[in-house]
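1. coords please:
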Amino acid sequence: MKRSRPIEPGLIRIFRFFVWAEAIAFLMVPLAEKLFSGQSSNFYRDPFYIIFLQSLLLAIYLSIPWLRRKLRQAYLLIALVGAIVIPAIVVDVDIMLTMSQGLPVDMLRIWALLPLLMIPLVPTAWQYDFRVVFILFAGLGILDGFALIWFNGGMSADILMPLFAIFIRIVTLTLVGLMITELMHTQREQRKDLMRANLKLSQQALVQEQLATSRERNRLARELHDTLAHTLSGLTVQLEAMHTVHPSTGDKLGQLLITALETSRNGLEETRRALKALRAEPLEDLGLSLSLHNLVKLYHSRTNIAIELEIPEHINQFSHDEEQAIYRITQEALENILRHSQASHVWLSLQQQEDDWVYRIRDDGKGFDVEDEENFHDRLGLQGIRERADMIFAELSIKSTPNKGTTIQLVMRKS
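-> Numbering: from 1, shown residues only. I've put the predicted structure just below:
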């Protein structure tokens, strides 16, 4: 289901301004009549008083933020329908009353509806697409034309000019609506392009920061390896040589040598472990695409299994956790295939399907029974694969049939 488009920024404020201006303009008409002629139109005889009340109530409606929070998307739609339908009904009723008295149609009434409908036309075209604009305004004009013909009892020369005025109104409103909708469509596309560009810049900045961090970590690891690790390694060798020369463990010197040798060995082991943790992982240093290619080359060098990898050259759509999960799942799956599957061919693919990304690892090995819960214990590593998929909220499916291979599929939602 297509999600409703949020109300465009500033639309309600501008719509409210024009409705208030319309209400004030209609209020000025009787005031001007009273000032210059000493008389004012009868409320019941002049339908434009009803339009004044409609404009006033609509302006008040658009000035209540609570209603907007309560009605949400329906808030604007209600205002637009009221601004379109009520003036049209008032004018149509007035024309029919005039015709029922045998009087000619007042063309001023018909033409006056054009600027009245121009006010709701702008926010309608601003918020919705041209199809909605055409249905509302062209549809209203067509209904007005048929109603005029029906009330007149058929076509006649008396209603040709009113029908022509309605036709001009339809053409004018639809053309103006088309121009506004096209402009808004272009603006929305430019806004989306700008958001995508900003997102890409943010991702590039993050990648550059991660790359700079990984390079610095690698530099520190190399420096410590060439200094501290070599020093401890040399010290350990010297202590072993001293222990060889003085093998006795009964005297105090022998005990001190053994203690020093054990301490130096432990220190060297801890240093190597710290250097391994400090050195950046392949993902941080190379990115997901190149890391997967290198991983495939590594496993291919250990076996005669043919491995085909089909992934995009540049992958920037995933978070760091998602990349880690994909890389580790691939590691675990290839290790399982190497140890247990007896496969001759492996296929790995990462593809985008609409807003989702689908990652598949498939082999032509001997397969296994998916229903057997023992297969999901650590001996096959499938439990670890499932846990990594759950960590990134991805949908994992494992399909396997004895003697027909195995397929691991990971679906990552991006919408």
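2. downstream neighbour of the one helix or strand residue 81 maps to in the secondary structure list?
-> Here residue 81, judged by DSSP states H and E, is contained in helix 73-100. Downstream of helix 73-100, the first helix or strand assigned by DSSP H and E is helix 107-127.
3. what is the orientation angle of that following helix with helix 73-100?
-> 170 degrees (axes from the mean of the first three to the mean of the last three C-alpha atoms, to 10 degrees).
4. What residues sit buried inside the very next helix or strand once past helix 107-127?
-> Remark: after helix 107-127, the chain's next helix or strand is helix 130-133, criterion DSSP H and E. With burial defined by 16 or more other C-beta atoms under 10 Å, the residues of helix 130-133 counted as buried are 130, 132, 133. From N, CA and C alone the C-beta is placed, and that goes for glycine too.
5. want to try CSV for those, with pLDDT and distance to residue 237 as columns?
-> Formatted as CSV, those follow (pLDDT from 0 to 100; distance: C-beta to C-beta, whole Å):
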residue, pLDDT, distance to residue 237
130, 92, 82
132, 91, 83
133, 93, 85
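6. can you give me the strands in the protein?
-> All strands of the chain, identified by DSSP state E, fall at 306-310, 345-353, 356-363, 395-400, 406-413.
7. of all these, which lies closest to residue 77?
-> Among these, strand 406-413 comes nearest to residue 77, with 30.4 Å by C-beta to C-beta.
8. Figure out how far the closest one is from the centre of its chain.
-> Distance of strand 406-413 from its chain centroid, counting by C-alpha atoms, centre = their mean, to the nearest Å, is 22 Å.
9. And stretch 159-169, by the same measure?
-> In this view, stretch 159-169 has its centroid 46 Å away from the chain centroid, taken as C-alpha atoms, centre = their mean.
10. One more: stretch 348-357?
-> Worked out by C-alpha atoms, centre = their mean, stretch 348-357 lies 16 Å from the chain centre.
11. Check stretch 5-20 too.
-> That offset, for stretch 5-20, works out to 25 Å (C-alpha atoms, centre = their mean).
12. before we move on, the earlier item: can I get the strands of the chain in a markdown table including mean neighbour count and mean pLDDT?
-> Shown next, in a markdown table, are these (neighbours: other C-beta atoms under 10 Å; pLDDT from 0 to 100):
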| stretch | mean neighbour count | mean pLDDT |
| --- | --- | --- |
| strand 306-310 | 14 | 91 |
| strand 345-353 | 16 | 92 |
| strand 356-363 | 20 | 92 |
| strand 395-400 | 16 | 90 |
| strand 406-413 | 19 | 91 |
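13. Those strands into CSV, with extra columns for distance to residue 371?
-> Output for the strands of the chain, formatted as CSV (distance: least, C-beta to C-beta, whole Å):
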stretch, distance to residue 371
strand 306-310, 28
strand 345-353, 24
strand 356-363, 19
strand 395-400, 10
strand 406-413, 14
